[in-house]
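Undergrad: sequence isn't available, so here's the structure alone:
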């Protein structure tokens, strides 16, 4: 066995013995795409997902970390083991990152039932979404009852990231005011539960009303679309009934104040209600299936990319091709085809 | 498309009860700008909190700032708890108001270099970089 192989075998053994050091190390291996990380995942992610996954997203400073800490605290009191992944951006210039979400979770840092991991977005090729899903999968396999993923809710990548969860909580503040902005930002489309945090500030109740109205508009149109689609494309009654039930989740807009812990238990109740609804409607199974489908696609793409660019043959053909282009004997497309031809041989 | 370089993760922590974290924030920002992933936990951390975070975040380096004079108790305690947790390869370094004699004593207890007031941040960054290279070749 190679030293690396020996190291991984030991790591897997420790992981299965529920060593948090091993879990933390395994997460780094995945983040860094260290040699052998695929084997590690293949070995450890053998069971179906069991943990309830909650995504928490929203603009910076909305109070996501404090809410996550509040929820985790209640879960802990109920005897649930909770894993938290908090994603913060990397600097595109230095590649460095300042990960400060834990500041709001300090009270939890010595609780044995809670594991918190900060992740920098590292931002390349949408790799964050794939890595995040792998990390959540790993934490699921480690045996947490509940997983919470926290990320700033702007941009495509973050939307992709929260799609790795069962229940998406969108956190806003009264100052998020202009509801039209929220509708434009795309956040409105991914939330299963909306929260207006810092609700002691003025404007909270008004925003809650506006949001509820906006969501009602959206709900009705989705409902119509779905039943229309089921009439057109699917045969039989049962299909239609499922679709109707799925559209039946009444998206709540809740008021919270994370600092005074007001509204947190109501938020957790809503999360639980959503989870129950997902299970009963069959939505959970289909979400997990969709998730697996998307993840398989991402992994295949990543491996193709890695294989292509890691090969010496590719670099050789690339350099030769560049000379050809310079000499007027080739184009970017002819070189690309040459490289792909070698790969798909 | 180049292979992703492993990122160096550093925990910047303020152990004990002193309430000034300007130094810690300056060093955290400097590490970030040097390309490290910095986990910052804020003020008033116990050694137990620091070590739990270091383990969960799988950091290579714990950098502590102490201005209250409690370094002779807190720093070795962090070292001890890290070793107990199986994180014996983690570098413990730091700075603050620490007399030279204490620095030497702490270095003999498995703590890395410590930096006094006025040290340019580049010196600390260079030190960590050199330590990392030594680890690779050791």
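TA: Cool, got the structure. Because the structure is a prediction, the values reported are computed rather than measured.
Undergrad: what ranges does chain B have for its strands?
TA: In chain B, the segments counted as strands under DSSP state E are B:9-13, B:37-40, B:61-66, B:91-96, B:114-115.
Undergrad: just checking: what are the partner strands of the last one?
TA: Each strand pairing with strand B:114-115, determined using DSSP bridges, is listed with its direction: strand B:91-96 (parallel).
Undergrad: show me the helices in chain A, by range?
TA: Assigned by DSSP state H, chain A shows helices spanning A:3-16, A:20-32, A:37-44, A:64-77, A:127-142, A:155-162, A:179-184, A:187-190, A:204-233, A:237-246, A:264-281, A:283-310, A:312-326, A:332-343.
Undergrad: for residue A:171, which of those helices is the nearest?
TA: Closest to residue A:171 of the helices of chain A, according to Cβ to Cβ: helix A:64-77, at 5.2 Å. Bear in mind the C-beta positions are built from the backbone N, C-alpha and C, glycine included.
Undergrad: now that closest one, how far from the centre of its chain.
TA: With Cα atoms, centre = their mean, to the nearest Å as the basis, helix A:64-77 stands 18 Å off its chain's centre.
Undergrad: residues from chain A in reach of chain B?
TA: By Cβ under 8 Å from any Cβ of the partner chain, the residues of chain A that approach chain B are A:19-21, A:24-25, A:27-28, A:31-34, A:90-91, A:94-100, A:102-103, A:106, A:109-110, A:115-118, A:120, A:122, A:124-125, A:127, A:305-306, A:309-310.
Undergrad: run a quick neighbour tally on residue 76.
TA: Since no chain was named, I'll use chain A. Applying other Cβ atoms under 10 Å in any protein chain shown, we find 17 residues neighbouring residue A:76.
Undergrad: you answered for a different chain; I wanted chain B.
TA: 17.
Undergrad: please tell me how far the closest residue to chain B within the stretch 201-345 of chain A sits from residue A:343.
TA: Proximity of the stretch 201-345 of chain A to chain B (Cβ to the nearest Cβ) peaks at residue A:309, 4.6 Å away. Taking Cβ to Cβ, to the nearest Å as the measure, residue A:309 falls 10 Å from residue A:343.
Undergrad: repeat for residue B:74
TA: For residue B:74 relative to residue A:343 (Cβ to Cβ), the value is 55 Å.
Undergrad: also residue A:208?
TA: According to Cβ to Cβ, residue A:208 and residue A:343 sit 54 Å apart.
Undergrad: about what we covered before: okay if I get the strands of chain B as a markdown table plus mean neighbour count and distance to residue A:339?
TA: What follows is the strands of chain B, written out as a markdown table (neighbours: other Cβ atoms under 10 Å in any protein chain shown; distance: least, Cβ to Cβ, whole Å):
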| stretch | mean neighbour count | distance to residue A:339 |
| --- | --- | --- |
| strand B:9-13 | 28 | 35 |
| strand B:37-40 | 27 | 33 |
| strand B:61-66 | 25 | 40 |
| strand B:91-96 | 23 | 42 |
| strand B:114-115 | 22 | 50 |
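Undergrad: out of these, flag the one nearest residue A:294.
TA: strand B:37-40 (26.6 Å).
Undergrad: quick one: strands adjacent to the closest one?
TA: Here strand B:37-40 has these sheet partners by DSSP bridges: strand A:97-99 (parallel), strand B:9-13 (parallel).
Undergrad: could you tell me the least trusted of these?
TA: Lowest mean pLDDT within the strands paired with strand B:37-40: strand A:97-99, a mean of 90.
Undergrad: that one: how far from the chain's middle?
TA: Counting by Cα atoms, centre = their mean, strand A:97-99 is centred 19 Å from the centre of its parent chain.
Undergrad: which positions within that strand qualify as buried?
TA: Using 16 or more other Cβ atoms under 10 Å in any protein chain shown as the test for burial, strand A:97-99 gives A:97-99.
Undergrad: neighbouring contacts of that strand?
TA: Outside strand A:97-99, the residues that touch it by Cβ atoms under 8 Å, 6 or more residues apart in numbering or on different chains are A:86, A:88-91, A:118-122, B:28-29, B:32, B:37-40.
Undergrad: contacting residues for the residue nearest to residue A:79 when sequence neighbours are not counted?
TA: Among residues not flanking residue A:79 along the chain, residue A:113 sits closest, at 7.9 Å (Cβ to Cβ, 6 or more residues apart in numbering or on different chains). The neighbours of residue A:113, taking Cβ under 8 Å, 6+ apart as the test, are A:76, A:79-82.
Undergrad: out of those residues, which sit inside strands?
TA: Secondary structure from DSSP E places residue A:82 of these in strands.
Undergrad: what's the farthest-apart pair in the contacts of residue A:113?
TA: Within those (distances taken as Cβ to Cβ), the two that end up farthest apart are A:79 and A:82, at 10.6 Å.
Undergrad: and those two? Which one has more around it.
TA: Neighbours per residue, other Cβ under 10 Å: of residue A:79 and residue A:82, the larger number sits with residue A:82, 27 against 8.
Undergrad: neighbours of residue A:139, how many?
TA: Based on other Cβ under 10 Å, the number of other residues close to residue A:139 is 25.
Undergrad: just the pLDDT for the spatially closest residue to it that is not a sequence neighbour.
TA: Among residues not flanking residue A:139 along the chain, residue A:83 sits closest, at 4.1 Å (Cβ to Cβ, 6+ apart). Residue A:83 is assigned 96 on the pLDDT scale.
Undergrad: and if you look at residue A:245?
TA: On pLDDT, residue A:245 comes in at 43.
Undergrad: got it, and residue A:121?
TA: 84.
Undergrad: my guess is it contacts residue A:89. True?
TA: Yes: the criterion here is Cβ atoms under 8 Å, and residue A:121 meets it with residue A:89 at 4.9 Å.
Undergrad: what about those two, which has more around it?
TA: The neighbour comparison of residue A:121 against residue A:89 (other Cβ under 10 Å) goes to residue A:121, with 23 against 20.
Undergrad: so where's the chain uncertain?
TA: You didn't say which chain, so I picked chain A. Scanning chain A for pLDDT under 70 picks out A:1, A:3, A:123-127, A:153-158, A:177-186, A:218-247, A:345.
Undergrad: that was the other one, I meant chain B.
TA: Across chain B, residues meeting the criterion (pLDDT under 70) sit at B:1-5.
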